[in-house]
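A.B. asks: this is the structure alone, sequence omitted:
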């Protein structure tokens, strides 16, 4: 049975389309148009009570029962455990995968997201300059953290691609909106180009997430 993907064309939505493609899981697409507040629809709130995309429904969940999962990090862990792919079961890479997944969920997502917000405000907004400066600087700091990590290892958890990479690539994909030149972060640039060259990642980004698909 196919997994239902309920998402939109955002970094958090793309994390999951990439993971589904990389893991070779069949899925159907159920767009949630956040530009029209569809994330507040009662049916979606049953899956995602915090009215945030993405969410998935797995009709073949634990014990063969239907289950829904919300929060992109939780979805990535669920899919990694379900398939046994891109989520090391134990050892240092397991710990590192969780560390860098939480890094993305707690910082490298919320902070660039705030940068998107403030940079997009009209220049007449009195808070724009302060907010844009604060969050673009913090985003740049986080890119520096990532660049130092990737100076030591090919991927965030170590030698192998994991769900941590899928989580982070969704946001690095928007680096231009963060006012970031990847040339200033050569290790992130090397990692980004390697991830974007993967067929599954490429399909995940090219997938028309705004159109229903059975």
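C.D. replies: Great, that's in hand. Predicted, not measured: the structure shown is a model, and the values here were computed from it.
A.B. asks: only C-alpha atoms from now on, for both contacts and neighbour counts.
C.D. replies: Fine.
A.B. asks: would you map the helices across this protein?
C.D. replies: Using DSSP state H, the helices of the chain run over 11-23, 42-47, 72-83, 92-106, 110-119, 128-150, 163-172, 186-196, 199-206.
A.B. asks: any regions of this protein where pLDDT drops low?
C.D. replies: Applying pLDDT under 70 to the chain picks out residues 1.
A.B. asks: ok, now which ones touch the nearest residue to residue 207 once chain neighbours are set aside?
C.D. replies: In space, not counting the residues next to it along the chain, residue 207 is nearest to residue 17; the distance is 7.6 Å by CA to CA, 6 or more residues apart in numbering. Residues near residue 17 by CA atoms under 8 Å, 6 or more residues apart in numbering: 5, 204-205, 207.
A.B. asks: next, format those residues as a markdown table and append neighbour count and distance to residue 95.
C.D. replies: Formatted as a markdown table, these follow (neighbours: other CA atoms under 10 Å; distance: CA to CA, whole Å):
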| residue | neighbour count | distance to residue 95 |
| --- | --- | --- |
| 5 | 25 | 27 |
| 204 | 22 | 26 |
| 205 | 20 | 27 |
| 207 | 16 | 31 |
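A.B. asks: widest-spaced pair of those?
C.D. replies: 5 and 205 (14.2 Å; CA to CA).
A.B. asks: any chance of the helices of the chain in TSV, plus distance to residue 56?
C.D. replies: Shown next, in TSV, are the helices of the chain (distance: least, CA to CA, whole Å):
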stretch	distance to residue 56
helix 11-23	9
helix 42-47	8
helix 72-83	7
helix 92-106	18
helix 110-119	21
helix 128-150	28
helix 163-172	16
helix 186-196	23
helix 199-206	15
